[in-house]
Structure formats: structure tokens, C-alpha cells
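**Student:** one predicted model, sequence on top.
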Amino acid sequence: MLTVFATQTIGNVIGYTATKYLDYRESHIEERQRISEHAEDQAHQDVSVRCRLVSFGAIECVQKTPPADAASDTAIPDLRAQQDMAEWTLLAIGVGMFGVLVSGVGLGFLYWNVRLMRKQISETRTLGQKQIKAYLTCRDVECRLYQLKTEDREREWIAHFWFTVKNTGQSPARLPGVSVVGLIIDNNGEEEIQSINFESKTIGIEDVAAGGAEPTSILAKFRDYEKVEKILDVGSPLSGKCVIVVVFLSGLDVFGNVLDDESIQFWTGANGFDVPLKEDFKLRRSDMQSEWGGHKLERYLKRAGSQKL
């Protein structure tokens, strides 16, 4: 398409230049004829005036007066020389315009090729970075619920998690961060489902080499302590309950790009709520462990929100 446009443009410029040249040549031919006729008329007028002023006869006056063609013969060569110079100047201008146009088309092709090359280089670089970037995941999740003395309360329930952060990519993961959120759902055979939420702050861990692993421990606190006291039992806090845990992983790759946030979902306990689950995890103070189940955490949270848990 660009080639067709360039060809049409060049043809239009050549046609325009040729038309202007022919018009210019025709106008100068007419101008030359007009000047020649004017020179002849001026010569005849000079003869008439001179003969009237001089007292000798008409024949002698005509013989002594230079012919009218003499002035025209001296003016026409100069006019032709000027005409030729103007024609060559116009031709040089046309050639120059054509050269500028060709240069512009060449620069357009060069710019288009440079843009295409830069796009290909960017895509190749992005593909190469994805092939060797770091990918974080976590394995071997374990949890324990217990009460601790905290700054806020004498005895407060804490969810303590242990897991291993693993780098499955081909380059180190720099400045990795870990955080945990979750739900404990209690049905208890009642129509209204009870749930409590817990979450942790984001903590930083050591850089994880390619193919390496880093053991991690993190504490999560419950948001509604009054509700926690009603749902959790001191002797068996998770008896008949379902626990959903989501571990969030982040960091930087060796190119300085932010890693895609990974959210890995785990669960354990009684399942009957269509909850989102990926794989089960171990409880250090409970023997309640179930099969995989559920679909998506978002589905459960939307339904739980509609029930105003």
C-alpha cells in the first residue's frame, strides 16, 4: 500500500512539473513574439520621426536609417539566451523537487523499517525475559491455632502458618514478599453460616535462587475478636469447621520487573459450602483433613456476601 502511494505521488509530481514546464515555454514563446513585433513597430516609428525632422528626401532618409530588423536581430538572441536559461532553471527545480520527494519516500521506508525492527526486538526481549524469569509458589503448608498474649489482649487467637516458598523459574527472585488471608467457616447445623476472617502483614524473606526454596513462618490475626470467641473452642478450635487459606507471593525478577502476584489457595476441614480450593494443608493440632473440593473462592465470597455473613 505504501509502495502504491509513493508511485502515485511521484507520478503526480512528474506530471505537474511537465505541465508547468510546457505552460512556461508557451508563455515565453508568446512573450518573445510580442517583443519582436514591438521592436519592429518601434523601428518604423523611429524612421518616420527621423524623416520628418530631416530635410532630405524620403528615399535618402530610408537609405540612411537602419532597417527595423536590425534592432530586432540584436534583441532576439539575448531573449533566446534568457529563455534557455529560464528553461534550464525550471528543469533544475523540477529535478530538485523530484529528488526531495524520492528522499522523503526513502526516509518514510527507513522509519517504517526502524519501527518494525524495534517492535520485533521488544517482543523478542519480552519473550526471553518470560522464559528465564522467576516464578514463585508455595508448598507444604501447615497451620496451628493457639492463644497468645498480645499488646491488645491478655489472650488472643493467632493463626500460625509454616510453608516453603519455592522458585520454579530459571532466574533468582529478588525481594520476595509473603502474606496470608483466610476464612474459618462454621455451619454447626444452623441455617445461618458463621465465618471469621484472619490476615497477616506482608513480610519479606530472603532472595530465592532459581530452583531453590525458602522456609517461611508467618502469623495472622483475626479481625473480629468477639466473633472468634464464639466460634473457636479452646480444646478443639476447628472441629466441624472449614478453613480456607490464600497465600500471596510477590517480588522482583533480575530485570527489575515486578513479578506477577501469585495467590495459592489451600483448605482443610469439613467441605459442604462450595468453597474454592486448590489443595489441602496440614493442621498441627487437629486430625481433620479432607479431600479436595470446591470451585472458586470468588463464588463463595459473593454468595457469603449475599447472605450477610
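**Tutor:** The structure has been received and is ready for your questions. Computed from a predicted structure; not experimentally measured. Residues are numbered from 1 along each chain as shown.
**Student:** which stretches of the protein have low pLDDT?
**Tutor:** 1-81, 150-154, 187-192, 234-238, 260-261, 269-309 (pLDDT under 70).
**Student:** same thing but 90
**Tutor:** 1-114, 116-164, 168-176, 181-198, 201-207, 209-211, 217-309 (pLDDT under 90).
**Student:** the helices in it, which residues?
**Tutor:** For the chain, the helices defined by DSSP state H occupy 2-53, 58-64, 68-132, 225-231, 297-306.
**Student:** so what touches stretch 255-263?
**Tutor:** 129, 133-137, 173, 246-253 (CB atoms under 8 Å, 6 or more residues apart in numbering). C-beta coordinates here come from the backbone N, C-alpha and C atoms, glycine included.
**Student:** show me how the record splits the chain into domains.
**Tutor:** Here the domain assignment for the chain is 2-130, 136-306, based on automatic domain parsing.
**Student:** need the contact list for residue 201.
**Tutor:** By CB under 8 Å, 6+ apart, the contact list for residue 201 reads residue 179.
**Student:** equivalent analysis for residue 169, please.
**Tutor:** Contacts for residue 169 (CB under 8 Å, 6+ apart) come out as 132, 133, 134, 135, 136, 210, 253.
**Student:** change it to 7 Å
**Tutor:** Shown in contact with residue 169 (CB atoms under 7 Å, 6 or more residues apart in numbering): 133, 134, 135, 210.
**Student:** what's the nearest residue to the first one if we skip its chain neighbours?
**Tutor:** Nearest non-adjacent residue to residue 133, counting by CB to CB, 6 or more residues apart in numbering: residue 253, 4.6 Å away.
**Student:** what about that neighbour, how many residues nearby?
**Tutor:** 20 (other CB atoms under 10 Å).
**Student:** residue 98 too?
**Tutor:** Neighbours of residue 98 (other CB under 10 Å): 14.
**Student:** check residue 173 too.
**Tutor:** The number of residues packed around residue 173, counting by other CB under 10 Å, is 29.
**Student:** so it sits against residue 135, correct?
**Tutor:** No: Residue 173 lies out of contact with residue 135 (CB atoms under 7 Å); the separation is 8.2 Å.
**Student:** so what sits against both of those two?
**Tutor:** Residues touching both residue 173 and residue 135 by CB under 7 Å, 6+ apart: residue 167.
**Student:** strands - which of the contacts of residue 169 land there?
**Tutor:** Assignment to strands by DSSP state E places none of the contacts of residue 169 there.
**Student:** on that earlier part again, among the contacts of stretch 255-263, which ones are buried?
**Tutor:** Those of those that meet the buried threshold are 133-136, 173, 246-253, by 16 or more other CB atoms under 10 Å.
**Student:** now tabulate the residues you listed in TSV and tack on distance to residue 106.
**Tutor:** Formatted as TSV, these follow (distance: CB to CB, whole Å):
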residue	distance to residue 106
133	40
134	45
135	46
136	50
173	48
246	58
247	58
248	54
249	52
250	49
251	48
252	44
253	41
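**Student:** and of these, the nearest to residue 182?
**Tutor:** Each of these was scored against residue 182 by CB to CB, and residue 246 proved nearest at 6.4 Å.
**Student:** against residue 90, how distant is that closest one?
**Tutor:** Distance of residue 246 to residue 90, computed by CB to CB, to the nearest Å: 80 Å.
**Student:** which residues does residue 183 bridge with?
**Tutor:** Judged by DSSP bridges, the bridge partners of residue 183 are residue 197, residue 244.
**Student:** could you list every residue that touches it?
**Tutor:** Contacts for residue 183 (CB under 7 Å, 6+ apart) come out as 195, 197, 244.
**Student:** neighbour-wise, give me the winner out of those residues.
**Tutor:** residue 244 (25 neighbours).
**Student:** thought it was touching residue 267?
**Tutor:** Yes: counting by CB under 7 Å, residue 244 does reach residue 267; the two are 5.1 Å apart.
**Student:** so what touches stretch 212-231?
**Tutor:** Under CB under 7 Å, 6+ apart, the answer for stretch 212-231 is 153, 156-167, 178, 180, 182, 184, 186, 194, 196-200, 203, 205-206, 208.
**Student:** nope, stretch 125-135 is what I was after
**Tutor:** In this structure, residues lying in contact with stretch 125-135 by CB under 7 Å, 6+ apart are 167, 168, 169, 170, 171, 172, 173, 210, 251, 253, 255, 259.
**Student:** so can I have TSV of those residues showing distance to residue 217?
**Tutor:** Formatted as TSV, these follow (distance: CB to CB, whole Å):
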residue	distance to residue 217
167	18
168	21
169	23
170	27
171	26
172	22
173	18
210	23
251	18
253	25
255	30
259	21
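**Student:** ok, those residues vs residue 112, which is closest?
**Tutor:** The closest of those, once distances to residue 112 are taken by CB to CB, is residue 255, at 28.8 Å.
**Student:** ramachandran angles for that closest one?
**Tutor:** Here is the backbone geometry of residue 255 (degrees, to the nearest 10): phi -90, psi 0.
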